[in-house]
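Enquirer: what's the 3D shape of this:
(2 chains)
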Amino acid sequence: MNLDSLTDMVSNAVGVLILLLLMTALQSSKPHSEPPLPIEHQSGLLPKFFYIHSDRVQSIDVNAAFANGLLAASESTSEAQQEFQISADFMGQRHDYLTLTMTPVDTDKWPGFEDLEMDDTLLGKTARSLNSREDFAFVFVEDEGDGVSFQEFEKVKQWFLDRGTAVGWIPVTENNPAYLCSWSNITACRYSPSHYGSGG
Amino acid sequence: MLAVGSSRKPALELFPFISLFLCVIGVLAFLQNLLVIGDIGATEEDALQPQIFQTAYRIEAMSDRIVLHPPDTNLGEIYSNLNLEELAGLNSVQTNRARSTESSGKTLLFEPSFDELSLQLALNEVSSLNLLAKEHGIEYEEFVLLSVHSGGSDTYHYLSRILDVPTFKHIRSGLEIGQSDTSTDTTQ
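Expert: Residues are numbered from 1 along each chain as shown, chains lettered A, B, ... in the order given. Predicted coordinates:
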């Protein structure tokens, strides 16, 4: 039996496959020319909220915020805006049943960027529980004028993007505080992702 | 010369044909697998990434000023088959923008008085160009990229409110942290 033809065919096939593998490897090793544009747009992903104050980061429990807001509303006798405790980390101000603003408190006790990796903190648990196919991280970045919060945000953003989680953000100030809305169409309550990771 | 009356027929040899056939099929199957894997990646990415033909009109938001950076796109190359009226409008936008790009952006100081008209005109340009592109089926869209500097967050919210009015609501926007080396000290 003459094996010449078989050897010829097999070596040809192997050669083609090696060539294809090389081409694929070369193509995938090309660096991306430009980062994607940070355009905000509609998404089916759900926001999970975080707040950055200076070099401190904290997650926000929206359910607790609204539960406490409703509790405060039910105990209130006046129609006036009122302050209430959202959690140990935030005070809230109710504007109506669906909208509230938040201000951070006791930020010295807040975790930092390094705690995103820790499972024993609320921040770490929340951050690591995000499912990139269902959730995105929405970060309120407090602008104190020194740029520290912005630098911290860049680190936090990259942390999420490296895990394939999309990120949206908004700068907040005393005059323009962080808004949480159960449902509302006001601009401050439109949470959209604008940065996307390349996959976890 | 063939022997007359020989009963032996030549053996049918399929070996090279079959091996060649299987070899080609194998390579094609492999190629198809590669393409399918590539397509899945591309589809997932497309679902997440914004469209690539969008061009940024960058607006820097600082505590005391706004700086407009129109894109230096050659609009004449992109917009073709326009009527005379549209062409005149396009040239006007191009000339106006050329002035801004030459001077590293048009700065609008808040004090002593803010030139809101220039801001409105800039947003009108973006809006008109997008509308024109849509009418002519041109794949070009400008979006406003708000570049927020430290201390400029209230300015950002001011700009967001302007972009939220019905006239400009259809303009897409983006948000990034302003880099200090991109800020300019030029005055209007």
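Enquirer: now stretch A:130-143: mean pLDDT?
Expert: If you average the pLDDT over stretch A:130-143, you get 93.
Enquirer: tell me which residues in that stretch are buried?
Expert: In terms of neighbour count (16 or more other C-beta atoms under 10 Å in any protein chain shown), stretch A:130-143 has its buried residues at A:130, A:132, A:135-143. Where C-beta positions appear, they are placed from N, C-alpha and C, glycine not excepted.
Enquirer: Kindly identify which of those residues also come near chain B.
Expert: A:Asp143 (C-beta under 8 Å from any C-beta of the partner chain).
Enquirer: tell me the contacts of B:Phe30?
Expert: Neighbouring residues of B:Phe30 by C-beta atoms under 8 Å, 6 or more residues apart in numbering or on different chains: A:17, A:20.
Enquirer: swap in B:His69?
Expert: B:57-60, B:100-101, B:104-105.
Enquirer: are any of those residues buried, and which?
Expert: Using 16+ other C-beta under 10 Å, the buried ones in the contacts of B:His69 are B:57-60, B:100, B:105.
Enquirer: Mind picking the two most distant members of those?
Expert: Greatest spacing in these, by C-beta to C-beta: B:Glu60 and B:Ser100 (12.3 Å).
Enquirer: where do the strands sit along chain A?
Expert: Under the criterion DSSP state E, chain A carries strands at the ranges A:46-53, A:56-59, A:82-85, A:90-94, A:99-104, A:135-142, A:167-172, A:178-181.
Enquirer: what does chain B give?
Expert: B:54-61, B:65-69, B:106-109, B:141-148, B:173-177.
Enquirer: Identify the bridge partners of the residue nearest in space to the middle of chain A.
Expert: Closest residue to the average C-alpha location of chain A: A:Ala137 at 1.6 Å, with C-alpha atoms, centre = their mean. A:Ala137 has the following beta-bridge partners by DSSP bridges: A:Lys48, A:Val167.
Enquirer: Kindly report the same for B:Thr55.
Expert: B:Glu142.
Enquirer: Can you check what pLDDT the model gives it?
Expert: 90.
Enquirer: And for B:Val144?
Expert: 94.
Enquirer: Please name the nearest non-neighbouring residue to A:Ser182.
Expert: Leaving aside its chain neighbours, A:Ser182 sits nearest to A:Leu98 (4.4 Å; criterion: C-beta to C-beta, 6 or more residues apart in numbering or on different chains).
Enquirer: these two touch, right, that neighbour and A:Cys181?
Expert: Yes - applying C-beta atoms under 8 Å as the test, A:Leu98 and A:Cys181 come out as touching, 5.8 Å apart.
Enquirer: hang on, the earlier thing: which of the buried residues of stretch A:130-143 sits closest to A:Asp162?
Expert: The closest of these, once distances to A:Asp162 are taken by C-beta to C-beta, is A:Ser132, at 10.8 Å.
Enquirer: Does that closest one touch A:Val167 like I think?
Expert: No - assessed by C-beta under 8 Å, A:Ser132 is found out of contact with A:Val167, at 10.6 Å.
Enquirer: buried stuff in stretch A:15-23?
Expert: The neighbour-count check on stretch A:15-23 (16+ other C-beta under 10 Å) flags A:Val16 as buried.
Enquirer: again, but for stretch A:143-163
Expert: Those would be A:143-144, A:148-153, A:156-157, A:159-161, A:163, for stretch A:143-163 by 16+ other C-beta under 10 Å.
Enquirer: which two from the residues you listed end up farthest apart in space?
Expert: A:Glu144 and A:Arg163 (27.5 Å).
Enquirer: Could you pick out the residues of chain B near chain A for me?
Expert: Selection of chain B residues close to chain A by C-beta under 8 Å from any C-beta yields B:15-16, B:19-20, B:23, B:26-27, B:30-31, B:34, B:44, B:48-50, B:54, B:56, B:63, B:143, B:145, B:148, B:150-154, B:156-157, B:160-161, B:164, B:172-177.
Enquirer: Buried only: go through those for me.
Expert: Listed as buried from the residues of chain B next to chain A are B:19, B:23, B:48, B:50, B:54, B:56, B:143, B:145, B:148, B:150-154, B:156-157, B:160, B:172-177; burial here means 16+ other C-beta under 10 Å.
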